[in-house]
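Chemist: this one's structure only:
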């Protein structure tokens with residue numbers, strides 16, 4: 001039986017405007033990819049200057065033992081996706097009053113959306129959760145309407161009774177985040193036990209255009 005798309009969460013609206021959305025993933029099968037669609041409704045007048053990147057604070061896949069298998073903030077995930085696949089994340093970005101903005105965040109555990117050899121074997125963990133802290137700006141003019149953040153999860157899974165030639169899992173996570181001084185050096189030790197595929201550095205300076213740093 002080939003890999004199947006499973007709709008785990010169907011546009012579930014959150015009542016809070018500052019919380020963490022948590023969904024326990026299936027405990028069987030081979031997880032190739034998880035696509036997270038986030039929606040939020042603009043303020044009644046407009047949604048000037050805000051996108052879904054301002055709504056979600058972090059995207060994580062965490063085991064029951066608190067091991068992070070994936071952890072990036074939306075801006076990091078956006079840059080990673082553009083680097084790996086040469087195109088921007090799918091999104092609906094509008095500033096029209098009461099309109100809905102939407103963005104899809106892909107979380108991959110292989111070299112592509114479907115990889116028959118590199119994936120996340122769910123049955124090797126007691127528990128695997130998707131977690132997304134979120135905190136949209138609530139405003140009629142420069143933010144979103146209260147109580148209108150929603151999450152939708154689609155997972156590409158090969159059933160557990162389908163034998164695949166497992167060779168490993170690509171784990172993508174933040175190693176370090178810090179605010180630098182005006183000048184100087186900062187050392188970061190890479191995980192010594194890891195086989196490292198690539199390393200990305202995301203630098204942000206408030207009030208400065210992208211790519212200047």
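Modeler: Looks like it arrived, so ask away. Everything numeric here is computed off the predicted structure, so don't read it as measured data. Numbering: from 1, shown residues only.
Chemist: burial measure for residue 191, as a count.
Modeler: 10 (other CB atoms under 10 Å). Just so you know, the C-beta spots here come from the backbone N, C-alpha and C atoms, and that holds for glycine as well.
Chemist: what do you get for residue 177?
Modeler: Residues near residue 177, counting by other CB under 10 Å, number 8.
Chemist: Look up the residues forming beta bridges with the residue nearest the centre of the chain.
Modeler: Centroid-nearest residue in the chain, with CA atoms, centre = their mean: residue 59, separated by 3.9 Å. Per DSSP bridges, the residues bridged to residue 59 are residue 72.
Chemist: Tell me which residues touch it, please.
Modeler: Contact analysis of residue 59 by CB atoms under 8 Å, 6 or more residues apart in numbering lists 36, 70-74, 77, 105, 107, 130-132.
Chemist: from these, which ones fall inside helices?
Modeler: Residues of the contacts of residue 59 located in helices (DSSP state H): 74, 77.
Chemist: Tell me the one of the contacts of residue 59 nearest residue 93?
Modeler: residue 74 (13.1 Å; CB to CB).
Chemist: Based on its surroundings, how many neighbours for that closest one?
Modeler: With other CB under 10 Å as criterion, residue 74 counts 22.
Chemist: Double-check it against residue 105; I have them as touching.
Modeler: Yes. Residue 74 is in contact with residue 105 according to CB atoms under 8 Å; the separation is 6.6 Å.
Chemist: which residues do these two both contact?
Modeler: 56, 59.
Chemist: about what we covered before: would you mind measuring from the residue nearest to the centre of the chain to residue 132?
Modeler: Applying CB to CB, to the nearest Å, the value for residue 59 to residue 132 is 6 Å.
Chemist: Please apply the same query to residue 97.
Modeler: Taking CB to CB, one finds residue 97 at 26 Å from residue 132.
Chemist: Give me the more crowded residue out of those two.
Modeler: residue 132 (23 against 16).
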